[in-house]
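*Asks:* Can you look at this prediction? I've put the sequence above it.
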Amino acid sequence: MLKKRLRLLRSTPFRLALAFGLLFILAFLVADIITYQLLKRDLAQALDDSVRDTYSIVAATYSSEEEEEDFVAAVATYARLNNPEDSIFLLVNEKGERLAGNVSVFMAKDGLSTIEAGDIGVKGDDRIRIQAGTVGGNRLIVGESYSDTNDLERIALMSFVWASGVIVILACGGGAFFAARAQRRLDGIERAMSDVSAGNLARRIPLEGNGDDIDVVAGQMNEALDRLSALVEGMRQVSADIAHDLKTPLNRLRMTIEQAMQQSGRGVDVQPFLLDAREESDRISATFEALLRISQIEAGARKARFLPVDLADIMSSVAEIYGGVAEDNGQSLAFATRPASPCMVNGDRELLTQLFVNLVENAITHCPPMTSITLALEAGDGSFTATVADDGPGIPEAERELVFRRLYRLDKSRTTPGSGLGLSLVKAIADLHGAQITLGDRHPGLGVIMRFPAQQQGQGT
Ligand SMILES: Nc1ncnc2c1ncn2[C@@H]1O[C@H](COP(=O)(O)OP(=O)(O)O)[C@@H](O)[C@H]1O
Ligand SMILES: [Mg+2]
């Protein structure tokens, strides 16, 4: 539980929430202080206005020297009706004697000023705002206590304190709530990923379905996991296929050796058996070499060595070299269709040559005599289409994807020489060059169609 709390404190969402909460509180405090200062100023202004107004009203009761008695009586009435703790009234003659008032005599300069209540013998520790002046030869002093102003200020301050408290609680609580929610989902991701690391490749991150940023990232991670598990599944399949397919030649090798042992026991010459065994082991080692080569090509390191090469040039040299071989086999080979200008692509000359050699060799080995093999190259919009076609038996629709798998051979080809890696290598080389490869039916025959992207301007050397 404590560990969980500590983790929440360290989590990014919680820290973000906390930072925003603090920022919010700070903004509110600044607004508070400004409002409080404005209120204070307004209240002081209102008090000044009120004191001045009262002074004017009292002073207005004075009309002439003859009726001074009335004026004194009016001040005395104000003084009697008001508590000196709230409002003070004082009328002093030239000799410094009090004519009327609710406080003892004291001196004050003309105009507005502030005095302490204690200094003039009034109860309480509030200060008093006073207005003093001369009316008909006498000093008139009118004052109002700051107590109401102070009360209002106190109320304002208290309401700010309470509001701040509520905001702090809301900011922290809300922050913790949202942080915990985000944390829960991050925990879900963490759990899913550690499950995957532990080997459960089928595990996916649960999505909330609201399309927010965490969902988007989680969705992308799920897609990556889909691809990863498909790749791992593919690898597993390939390893199983390889192990299965290599068992046959290894068994054959073992049988040959056993036969040789039996024969030598009978004193028969074992030379032919040894030759067989050597041939078999050569084939096995060639298969391994081809497998390694395919893996290396798939790893893509050779892409760094790509140079602009002319596809037409490569195809015509393959056609030239294998023309004789096909003829010896009673077949014909022609590079019929080719554009007038060079067909430049970025690639590896050796690998591309290997690609066309494999396809031509396949046509030669898997087709009967009298077959005509044709190579064609056409320039399209930003791409070149290379075709190697024959009018032999072709590959059934259902097996056209399977023949790209390592070691896969059609049943009828079991007797012809080969390891079932030729088309896997073709596919690896085409993929490395960004070329699309499809196997088509020529009615009759097989057509291998590859679309190579043309070399871009400024690409290569
Ligand atoms: N031109 C073709 N005509 C008919 N079948 C073909 C042709 N090319 C390939 N195949 C079939 O596809 C299989 C796989 O080819 P490949 O990977 O080159 O292996 P391999 O040639 O060693 O048997 C071959 O065994 C053959 O059955
Ligand atoms: Mg082959």
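*Replies:* That came in fine, so what should we check first? It should be emphasised that the depicted structure is a prediction, and the values quoted were computed from it without experimental measurement. Ligands and ions are numbered 1, 2, ... in the order given.
*Asks:* Output the contacting helices and strands for the lengthiest helix in the chain.
*Replies:* Across the chain, the longest stretch assigned as helix under DSSP state H is helix 213-265. Contact here means 3 or more C-beta pairs under 8 Å, 6 or more residues apart in numbering; DSSP states H and E; on that basis helix 213-265 packs against helix 147-197, helix 271-299. Yep, even glycine has a C-beta here, placed from its N, CA and C like the rest.
*Asks:* Those helices into a markdown table, with extra columns for mean neighbour count, distance to ligand 1 and mean pLDDT?
*Replies:* Converted to a markdown table, these look like this (neighbours: other C-beta atoms under 10 Å; distance: least, C-beta to the nearest ligand atom, whole Å; pLDDT from 0 to 100):
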| stretch | mean neighbour count | distance to ligand 1 | mean pLDDT |
| --- | --- | --- | --- |
| helix 147-197 | 14 | 34 | 86 |
| helix 271-299 | 15 | 9 | 92 |
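*Asks:* between the longest helix of the chain and helix 147-197, how many degrees?
*Replies:* On the basis of axes from the mean of the first three to the mean of the last three C-alpha atoms, to 10 degrees, helix 213-265 is oriented at 10 degrees to helix 147-197.
*Asks:* got the helices and strands packed on helix 213-265 as CSV, with distance to residue 140 columns?
*Replies:* Listed next are the helices and strands packed on helix 213-265 as CSV, based on distance: least, C-beta to C-beta, whole Å:
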stretch, distance to residue 140
helix 147-197, 22
helix 271-299, 105
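*Asks:* export the ones you listed to TSV and tack on distance to ligand 2?
*Replies:* Converted to TSV, the helices and strands packed on helix 213-265 look like this (distance: least, C-beta to the ion, whole Å):
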stretch	distance to ligand 2
helix 147-197	38
helix 271-299	10
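*Asks:* I'd like the domain boundaries of the protein, if you could list them.
*Replies:* Residue ranges for each domain of the chain read 1-203, 225-297, 304-453, as given by automatic domain parsing.
*Asks:* Most tightly packed of these?
*Replies:* Burial of the domains of the chain is given as mean neighbour count (mean count of other C-beta atoms under 10 Å); domain 304-453 ranks first at a mean of 17.
*Asks:* for that one, what is the average pLDDT?
*Replies:* Mean per-residue pLDDT for domain 304-453: 95.
*Asks:* That domain close to ligand 2?
*Replies:* Yes - Domain 304-453 is in contact with ligand 2 by C-beta under 5 Å from the ion, via 362, 418, 422.
*Asks:* which residue ranges form the helices in the stretch 301-450 of the chain?
*Replies:* Secondary structure of the stretch 301-450 of the chain, counting by DSSP state H, counting those that start in this stretch: helices at 311-328, 349-366, 422-432.
*Asks:* Send me stretch 280-298 as PDB with only the CA atoms.
*Replies:* Extracted in PDB, the C-alpha atoms of stretch 280-298 (Å, rounded to 0.1, in the frame of the first residue of the first chain):
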ATOM      1  CA  GLU A 280      25.100 -35.800 -50.000                       C
ATOM      2  CA  SER A 281      27.100 -33.800 -47.400                       C
ATOM      3  CA  ASP A 282      28.000 -31.300 -50.100                       C
ATOM      4  CA  ARG A 283      24.300 -30.800 -50.800                       C
ATOM      5  CA  ILE A 284      23.500 -30.400 -47.200                       C
ATOM      6  CA  SER A 285      26.300 -27.800 -46.700                       C
ATOM      7  CA  ALA A 286      25.100 -26.000 -49.900                       C
ATOM      8  CA  THR A 287      21.600 -25.800 -48.400                       C
ATOM      9  CA  PHE A 288      23.000 -24.300 -45.200                       C
ATOM     10  CA  GLU A 289      25.000 -21.800 -47.200                       C
ATOM     11  CA  ALA A 290      21.900 -20.800 -49.200                       C
ATOM     12  CA  LEU A 291      19.900 -20.500 -46.000                       C
ATOM     13  CA  LEU A 292      22.600 -18.300 -44.400                       C
ATOM     14  CA  ARG A 293      22.700 -16.200 -47.600                       C
ATOM     15  CA  ILE A 294      19.000 -15.600 -47.500                       C
ATOM     16  CA  SER A 295      19.100 -14.500 -43.900                       C
ATOM     17  CA  GLN A 296      21.900 -12.200 -44.600                       C
ATOM     18  CA  ILE A 297      20.000 -10.600 -47.500                       C
ATOM     19  CA  GLU A 298      16.900 -10.300 -45.400                       C
END
